[in-house]
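A.B. asks: please work out how this folds:
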Amino acid sequence: MMRVRGTLIGTICAAALALVLAGCGQQQSSAQAKEQRPAPEATVTTLVAQRVEIVSELPGRTAPYRVAEVRPQVTGVVLKRLFTEGGEVRADQQLYEINPASYQAAYDSARASLARAQAALNSSKLLAERYRTLIEARAVSKQQYDDAIASQQQAEADVASAKAAIETAGINLVYTKVLAPISGRVGRSTVTEGALVTSDQTSALATVQQLDPIYVDVTQSTTQLLRLQRELANGQLQSAGAEQATVKLVFDDGTEYSRPGKLLFSEVTVDHGTGSVTMRAVFPNPQRQLLPGMFVHARLVEGVSEQALLVPQQGVSRNQRGEPTALVVGQDNKVEMRVLKIDRAIGDKWLVLDGVKAGDKVVVEGLQKARPGTVVRAVEVNKFSGESPQEQPNPNPRERKLTQRQ
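C.D. replies: This is a model prediction of the structure:
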């Protein structure tokens with residue numbers, strides 16, 4: 001009996017020892033597996049100080065340099081239209097012809113009246129000269145001589161009036177040929193041949209717009225205007241003359257206009273409702289690429305930053321206070337959060353003034369896994385060279401050992 005009991009106790013002890021050893025092995029295996037678990041991967045970009053042009057972009061619309069509405073100055077029937085709609089015209093080029101028959105007759109009548117007045121003047125002059133000789137011999141009375149002088153003066157006034165009538169009739173005759181007041185591009189015609197036009201009508205026959213050069217009206221806040229004027233005075237803005245800054249133009253599709261223009265600070269108006277400022281820029285337009293009413297963007301180079309730091313916008317988020325933040329991988333591969341001070345957007349990046357420095361690794365992908373305080377495996381990305389992401393060397397010996405085990 002004692003032998004059986006001893007055998008049973010030994011068996012129980014052996015089983016218990018086996019269970020204890022098995023539990024220790026599982027804990028060791030679990031700890032080892034936990035130790036060998038890889039750190040989450042985070043794609044980073046290393047910040048490099050670079051030379052960047054500081055550019056302001058102002059929205060605006062094009063406007064013609066000069067606009068002239070063509071209106072008739074005499075009444076009559078339009079006989080001809082002498083231009084192509086949408087084409088280029090020169091100053092003083094004939095656009096329309098109004099029936100000149102009645103105005104030609106008035107001009108001829110005025111010339112005839114002048115000839116009659118000049119004949120009467122010659123007769124009055126001869127009579128006055130004759131009476132001047134006779135009055136010295138007391139052959140005529142003083143009254144007769146005075147009447148002769150008055151007749152001469154009246155005849156001279158009739159000649160002057162007839163000359164004025166000829167000039168008026170000649171002007172009206174010229175006005176039957178409607179001329180272009182300026183050089184430029186003419187729009188569509190509002191009348192056709194056979195239409196009756198009047199000298200006091202309000203509607204224009206056509207409109208001529210000068211497109212070379214052309215204006216671009218841009219809007220900006222008064223604060224921005226004062227800053228641009230200050231930068232121009234300090235030499236930060238590229239000057240194009242007195243109170244003028246060089247400006248470039250970008251179309252709505254993103255393409256850049258080939259010719260630079262000048263921003264005129266003197267021609268500004270302030271909107272009392274919005275506080276915005278309208279500034280006018282002038283651009284050469286020899287090929288007529290810019291048309292009135294186009295929406296464009298004016299770019300001004302405010303200066304150059306030699307040590308600028310650009311952070312991709314996808315790596316910047318906002319905290320609960322609304323402050324811009326970024327996740328940065330430190331030397332020990334631990335993630336830390338930085339609060340940034342942002343100046344402006346340049347392309348798909350933010351120009352950062354404070355919060356990061358050159359050499360910092362900013363997380364741009366894997367933000368959900370890279371939390372502040374966690375250890376990550378940093379992978380460098382280079383979007384501009386088209387190369388595949390390269391893994392950065394891991395300075396932590398323990399992490400390097402775990403990587404080798406994997």
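A.B. asks: as PDB, could you dump the C-alpha coordinates of stretch 49-69?
C.D. replies: What follows is stretch 49-69, C-alpha atoms only, in PDB (Å, rounded to 0.1, in the frame of the first residue of the first chain):
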ATOM      1  CA  ALA A  49      16.900  73.800 -47.100                       C
ATOM      2  CA  GLN A  50      16.500  75.200 -50.600                       C
ATOM      3  CA  ARG A  51      16.300  78.400 -52.600                       C
ATOM      4  CA  VAL A  52      12.600  79.400 -53.200                       C
ATOM      5  CA  GLU A  53      11.000  82.400 -54.900                       C
ATOM      6  CA  ILE A  54       8.300  83.900 -52.700                       C
ATOM      7  CA  VAL A  55       5.400  84.500 -55.100                       C
ATOM      8  CA  SER A  56       2.000  86.100 -54.500                       C
ATOM      9  CA  GLU A  57      -0.900  85.100 -56.800                       C
ATOM     10  CA  LEU A  58      -3.700  87.600 -57.400                       C
ATOM     11  CA  PRO A  59      -6.900  86.800 -59.300                       C
ATOM     12  CA  GLY A  60      -8.000  89.100 -62.000                       C
ATOM     13  CA  ARG A  61      -9.700  89.700 -65.300                       C
ATOM     14  CA  THR A  62      -8.600  91.200 -68.500                       C
ATOM     15  CA  ALA A  63     -10.000  94.500 -69.800                       C
ATOM     16  CA  PRO A  64      -9.300  96.400 -73.100                       C
ATOM     17  CA  TYR A  65      -6.800  99.200 -73.100                       C
ATOM     18  CA  ARG A  66      -9.200 101.600 -74.900                       C
ATOM     19  CA  VAL A  67     -12.900 101.200 -75.900                       C
ATOM     20  CA  ALA A  68     -14.700 103.300 -78.500                       C
ATOM     21  CA  GLU A  69     -18.300 103.000 -79.400                       C
END
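A.B. asks: give the buried residues for that stretch.
C.D. replies: 52, 54, 56, 58, 60, 62, 63, 64, 65, 68 (16 or more other CB atoms under 10 Å). Using the backbone N, CA and C atoms, a C-beta is placed for each residue, glycine as well.
A.B. asks: please convert those residues to a markdown table, extending it with secondary structure.
C.D. replies: Shown next, in a markdown table, are the buried residues of stretch 49-69 (DSSP: H, G, I helix; E, B strand; the rest coil):
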| residue | secondary structure |
| --- | --- |
| 52 | strand |
| 54 | strand |
| 56 | strand |
| 58 | strand |
| 60 | strand |
| 62 | strand |
| 63 | strand |
| 64 | strand |
| 65 | strand |
| 68 | strand |
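A.B. asks: so where do the helices sit in this protein?
C.D. replies: Under the criterion DSSP state H, the chain contains helices at 2-36, 101-136, 142-175, 222-234, 397-405.
A.B. asks: give me the pLDDT for residue 92.
C.D. replies: pLDDT recorded at residue 92 is 94.
A.B. asks: that one reaches residue 178, doesn't it?
C.D. replies: No. Shown here, residue 92 and residue 178 do not form a contact pair, counting by CB atoms under 8 Å, at 11.0 Å.
A.B. asks: more neighbours: those two, which one.
C.D. replies: Between residue 92 and residue 178, residue 178 has the larger neighbour count (other CB atoms under 10 Å), namely 24 against 11.
A.B. asks: could you count how many residues lie near the nearest residue to the more buried one once chain neighbours are set aside?
C.D. replies: Closest residue to residue 178 apart from its sequence neighbours, by CB to CB, 6 or more residues apart in numbering: residue 96 at 3.9 Å. Residue 96 has 23 neighbours, counted by other CB under 10 Å.
A.B. asks: cheers, nothing more for now.
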